[in-house]
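[1] Sequence plus the predicted model coming up.
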Amino acid sequence: MAEVSQMIDSEVFLAFSTYATIVVLKMLLMGPMTGYYRMTRKAFSNPEDTAIRGRNEEDKKKFLRTDPDVERVRRCHQNDLENIVPFVVIGLLYALSGPALSTALLHFRVFVGSRFLHTVAYLLPLPQPCRGVSWIVGLLSTFSMGYRLLSTTLVL
Amino acid sequence: MAEVSQMIDSEVFLAFSTYATIVVLKMLLMGPMTGYYRMTRKAFSNPEDTAIRGRNEEDKKKFLRTDPDVERVRRCHQNDLENIVPFVVIGLLYALSGPALSTALLHFRVFVGSRFLHTVAYLLPLPQPCRGVSWIVGLLSTFSMGYRLLSTTLVL
Amino acid sequence: MAEVSQMIDSEVFLAFSTYATIVVLKMLLMGPMTGYYRMTRKAFSNPEDTAIRGRNEEDKKKFLRTDPDVERVRRCHQNDLENIVPFVVIGLLYALSGPALSTALLHFRVFVGSRFLHTVAYLLPLPQPCRGVSWIVGLLSTFSMGYRLLSTTLVL
């Protein structure tokens, strides 16, 4: 990692930029999707939100509930936060540590692919172990980048 | 994005630094705020936390509960995580992609402003669609930066 | 922050890289740990997950439950997300703002140490205020870096 300032102009950094943007935008879309499910399933968590749908007080209280579909999207979103954020952090530092372009691309592609598969497997839902395997593949990609980072640059 | 190493010394990057720090510190303050509400509402989620407030065993069990105000702060904090983290990632890459200073400042200001408004609208709470609109304005700002990133730099 | 492009090749940036990678990998490990507790405690949140453990329909429904140990790991993971992500963002910008190496190392070490202590205190659990103090020490380290960032570089 002696030439970070050179790495930042490299193909690897541009590739990281692209894949990180795509996967973070995918994560961001889970928010509107939760909103959509809340609207169609009429399941809200804030009293002020029910005013849009409910006409009278009784209706409004009825809409303050949890719905299995809404909770599923929220769990998927939470899993994205727990996995995509570490990928972005470790991926950024990894991209600056001077890896070979082909190795870096492999890591980024496997991770982003596994997260899209994970979302599909979570939301349909596909039978297990589809979701489990796609989650673990993503984890392994991040751990592999983290391992390379710690083995090449260790300043404690 | 051919001159990332120049961009990192630019006004745009300094502006991103400032706005990202402000909005992340705002998000970080939601933690102590949750703690404050837990203390004053006497609503804890860990048995070991109730020891501070409860004198006897019965009291302690009574404090292991959820409180609507505490849950409201926690939902606001969660929404911050779901929206501010993508802003930081995409905003950083966007700041390095060489946008015009005025365009970049517009994006950063709109986003940070919308998140402060969102927090106020969530915690008071203001009637809808205050919170909804401020959430969507923040989303649009992030998506707009993401769109510009993907349209200028795409290495797949 | 006039010489960001020099800072990125500095010892401070390498140190940040190392500590950020370590603490993010620690956070990432909370995911498999949740999975382990879900398996051993037989407490799942998705119907499709119970198929691995349950033989018949009745068994499967029984496993769709919350377990205090699983919820504890999940709360610890959530607290990591809420604190480690802001540390990474502010720490990265701080590392590029040209601090003295010794000051930077102090911040990084205190934060990473406090988060490991926090996880141990949360999972055992240790009696309060162990967890509370380690949480606050981590917060203070991040706020201290944020303060220095805003006082040296403010472009609004």
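    Thanks, I have the structure now.

[2] Only C-alpha atoms from now on, for both contacts and neighbour counts.
    Will do.

[3] Apart from its neighbours in sequence, what residue is nearest the closest residue to chain B within chain A?
    Using C-alpha to the nearest C-alpha, residue A:15 is the residue of chain A that sits closest to chain B, at 4.9 Å. In this structure, residue A:15 finds its nearest non-sequential neighbour in residue B:155, 4.9 Å apart by C-alpha to C-alpha, 6 or more residues apart in numbering or on different chains.

[4] do you know how far the one you found is from residue A:26?
    Distance from residue B:155 to residue A:26, counting by C-alpha to C-alpha, to the nearest Å: 17 Å.

[5] give me the element the spatially most central residue of chain A is part of.
    Centroid-nearest residue in chain A: residue A:80, 3.0 Å away (criterion: C-alpha atoms, centre = their mean). If you go by DSSP states H and E, residue A:80 is part of helix A:68-95.

[6] Is chain B within reach of that helix?
    Yes. Using C-alpha under 8 Å from any C-alpha of the partner chain, we find that helix A:68-95 touches chain B at A:81, A:85, A:88.

[7] So which bits of chain A are right by chain C?
    So far as C-alpha under 8 Å from any C-alpha goes, chain A lies against chain C at A:1-5, A:72, A:82-83, A:85-86, A:89-90, A:93, A:125, A:127-128, A:139, A:143, A:146, A:149-150, A:153-156.

[8] Now the buried members of the residues you listed.
    A:1, A:4-5, A:72, A:82-83, A:85-86, A:89-90, A:93, A:125, A:128, A:139, A:143, A:146, A:149-150 (16 or more other C-alpha atoms under 10 Å in any protein chain shown).

[9] low-scoring stretches of chain A, by residue?
    Scanning chain A with the threshold set as pLDDT under 70 gives A:1-3, A:52-55.

[10] Direction-wise, compare the longest helix out of those in chain A with helix B:68-95 and give the angle.
    Using DSSP state H, we find that the single longest helix of chain A is helix A:11-41. Angle, helix A:11-41 to helix B:68-95, by axes from the mean of the first three to the mean of the last three C-alpha atoms, to 10 degrees: 150 degrees.

[11] could you point out which element follows helix A:11-41?
    Sequence-wise, the next helix or strand downstream of helix A:11-41 (DSSP H and E) is helix A:57-62.

[12] Convert that following helix to PDB, retaining C-alpha atoms only.
    Output in PDB follows, covering the C-alpha atoms of helix A:57-62 (Å, rounded to 0.1, in the frame of the first residue of the first chain):
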ATOM      1  CA  GLU A  57     -59.900   6.700  14.700                       C
ATOM      2  CA  GLU A  58     -60.800   3.000  14.800                       C
ATOM      3  CA  ASP A  59     -59.400   2.400  11.300                       C
ATOM      4  CA  LYS A  60     -56.200   4.200  12.200                       C
ATOM      5  CA  LYS A  61     -55.500   2.000  15.200                       C
ATOM      6  CA  LYS A  62     -56.200  -1.100  13.100                       C
END
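
[13] Flag every buried residue along it.
    Applying 16+ other C-alpha under 10 Å to helix A:57-62 flags residue A:60 as buried.

[14] before we move on, back to that, from residue C:86, how far off is the residue nearest to the centre of chain A?
    Distance check for residue A:80 against residue C:86: by C-alpha to C-alpha, it reads 17 Å.

[15] list the contacts for the residue of chain A most remote from its centre?
    Relative to the centre of chain A, and counting by C-alpha atoms, centre = their mean, the farthest-placed residue is residue A:56 at 38.4 Å. Listed by C-alpha atoms under 8 Å, 6 or more residues apart in numbering or on different chains, residue A:56 has no contact partners.

[16] now do residue A:96
    A:1, A:4, A:7-8, A:13.

[17] dump the residue contacts of the closest residue to residue A:13 other than its chain neighbours.
    Distances taken as C-alpha to C-alpha, 6+ apart place residue A:95 nearest to residue A:13, at 5.5 Å, with adjacent residues excluded. Counting by C-alpha under 8 Å, 6+ apart, residue A:95 makes contact with A:7, A:12-13, A:16, A:104.

[18] cool, residue A:100 as well?
    Taking C-alpha under 8 Å, 6+ apart as the contact definition, residue A:100 lies against residue A:12.

[19] Swap in 10 Å and give it another go.
    Residue A:100 makes contact with A:11-12, according to C-alpha atoms under 10 Å, 6 or more residues apart in numbering or on different chains.

[20] Ramachandran coordinates for it?
    phi -70, psi 140 (degrees, to the nearest 10).

[21] what do you get for the one 10 residues further on?
    Reported as degrees, to the nearest 10, the phi and psi values for residue A:110 are phi -60, psi -50.

[22] List the residues that contact it.
    Applying C-alpha under 10 Å, 6+ apart, the residues near residue A:110 are A:104, A:134, A:137-138, A:140-142.

[23] and if you look at residue A:119?
    A:26-27, A:30, A:73, A:76-77, A:79-80, A:125, A:131, A:134-135.

[24] Is it possible to get JSON lines of the residues you listed that adds distance to residue C:49?
    Below are the contacts of residue A:119 laid out as JSON lines (distance: C-alpha to C-alpha, whole Å):
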{"residue": "A:26", "distance to residue C:49": "24"}
{"residue": "A:27", "distance to residue C:49": "23"}
{"residue": "A:30", "distance to residue C:49": "21"}
{"residue": "A:73", "distance to residue C:49": "16"}
{"residue": "A:76", "distance to residue C:49": "14"}
{"residue": "A:77", "distance to residue C:49": "18"}
{"residue": "A:79", "distance to residue C:49": "15"}
{"residue": "A:80", "distance to residue C:49": "18"}
{"residue": "A:125", "distance to residue C:49": "11"}
{"residue": "A:131", "distance to residue C:49": "9"}
{"residue": "A:134", "distance to residue C:49": "14"}
{"residue": "A:135", "distance to residue C:49": "13"}
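
[25] Residue A:65 reaches residue A:59, doesn't it?
    No. Using C-alpha atoms under 10 Å, residue A:65 is not in contact with residue A:59, being 11.5 Å away.

[26] does the residue of chain A found nearest chain C count as helix, strand or coil?
    Here chain A gets closest to chain C at one residue, residue A:155, 4.9 Å apart by C-alpha to the nearest C-alpha. Under DSSP: H, G, I helix; E, B strand; the rest coil, residue A:155 falls in the coil class.

[27] Backbone dihedrals for it, please?
    Backbone torsions for residue A:155, taken as degrees, to the nearest 10, come to phi -120, psi 100.

[28] Could you do residue A:65 as well?
    Residue torsions, per degrees, to the nearest 10, at residue A:65 are phi -150, psi 170.

[29] residues contacting it?
    Contacts of residue A:65 (C-alpha under 10 Å, 6+ apart): A:38, A:41-46.

[30] number of nearby residues for residue A:109?
    Using other C-alpha atoms under 10 Å in any protein chain shown, residue A:109 is surrounded by 17 other residues.
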